[in-house]
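Chemist: heads up, no residue letters with this:
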């Protein structure tokens, strides 16, 4: 029964191109392994993770962190909302890591050490490396660095993703 309820909620969440859908989608990827440069269903790096989550929700983002850093509009840290992108400087100067804010001071991201995980933005490591946040608007308008995908082109990939996510949720 829990798997059926989860599948229904997941399907509804994925059909909504809004912040709730983005956060719900991001959380379904928890604990998948990290691999630098990878963009596969079961292992990916931070920017591939973010790109995939938004793509499932009908929003096309660029592939790299540095390109994603120009998507949407910049927002102040005190104004961030669930679904906003958070950018950090890690292994090189400038935006080199990205995650998705999920609320309550937490964000989900692909971590080199722990895979896709949740961290607190106020942890000393992340607070020290935080650069800025950007909001990708979830509307029919086009924004800098973003294109809305045609509904027909994204439905096939969504069906694959939904099937995988339903399988994962039903086995927990």
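Modeler: Right, received. Where do you want to start? Note that the coordinates shown come from a computational prediction; the quantities given were computed from them, not determined experimentally.

Chemist: for the rest of this, base every contact and every neighbour count on C-alpha atoms.
Modeler: Fine.

Chemist: for stretch 85-99, buried residues please.
Modeler: 85-90, 95-99 (16 or more other C-alpha atoms under 10 Å).

Chemist: then stretch 109-124?
Modeler: Across stretch 109-124, burial judged by 16+ other C-alpha under 10 Å covers 109-111, 115-121.

Chemist: for the residue nearest to residue 42 when sequence neighbours are not counted, list the residues it contacts.
Modeler: Nearest residue to residue 42 in three dimensions, chain neighbours excluded: residue 32, at 5.9 Å (C-alpha to C-alpha, 6 or more residues apart in numbering). When contacts are counted by C-alpha atoms under 8 Å, 6 or more residues apart in numbering, residue 32 is found next to 42-43, 115-116.

Chemist: next step: the residues you listed restricted to strands.
Modeler: 43, 115-116 (DSSP state E).

Chemist: from those, which shows the smallest pLDDT?
Modeler: Minimum pLDDT for those is recorded at residue 43 (91).

Chemist: for this structure, where's the lowest mean pLDDT among helices and strands?
Modeler: strand 147-148 (a mean of 42; mean pLDDT, DSSP states H and E).

Chemist: now do the strands in this protein.
Modeler: Per DSSP E, the chain carries strands over the ranges 39-40, 43-44, 59-60, 73-75, 85-88, 97-103, 106-111, 115-120, 130-135, 147-148.

Chemist: worst mean pLDDT among the ones you listed?
Modeler: strand 147-148 (a mean of 42).

Chemist: kindly reformat the buried residues of stretch 109-124 as TSV containing distance to residue 72.
Modeler: Converted to TSV, those look like this (distance: C-alpha to C-alpha, whole Å):
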residue	distance to residue 72
109	19
110	21
111	23
115	26
116	23
117	24
118	23
119	23
120	23
121	20
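
Chemist: pretty sure residue 55 sits against residue 49.
Modeler: No - look at residue 55 against residue 49 with C-alpha atoms under 8 Å: they stay out of range, at 9.8 Å.

Chemist: and the two? Which one has more around it.
Modeler: residue 49 (28 against 19; other C-alpha atoms under 10 Å).

Chemist: ok, now which ones touch the closest residue to the more buried one other than its chain neighbours?
Modeler: Once flanking residues are discounted, residue 49 sits nearest to residue 110: 6.8 Å by C-alpha to C-alpha, 6+ apart. Applying C-alpha under 8 Å, 6+ apart to residue 110 gives the contacts 33-34, 44-46, 49, 99, 116-117.
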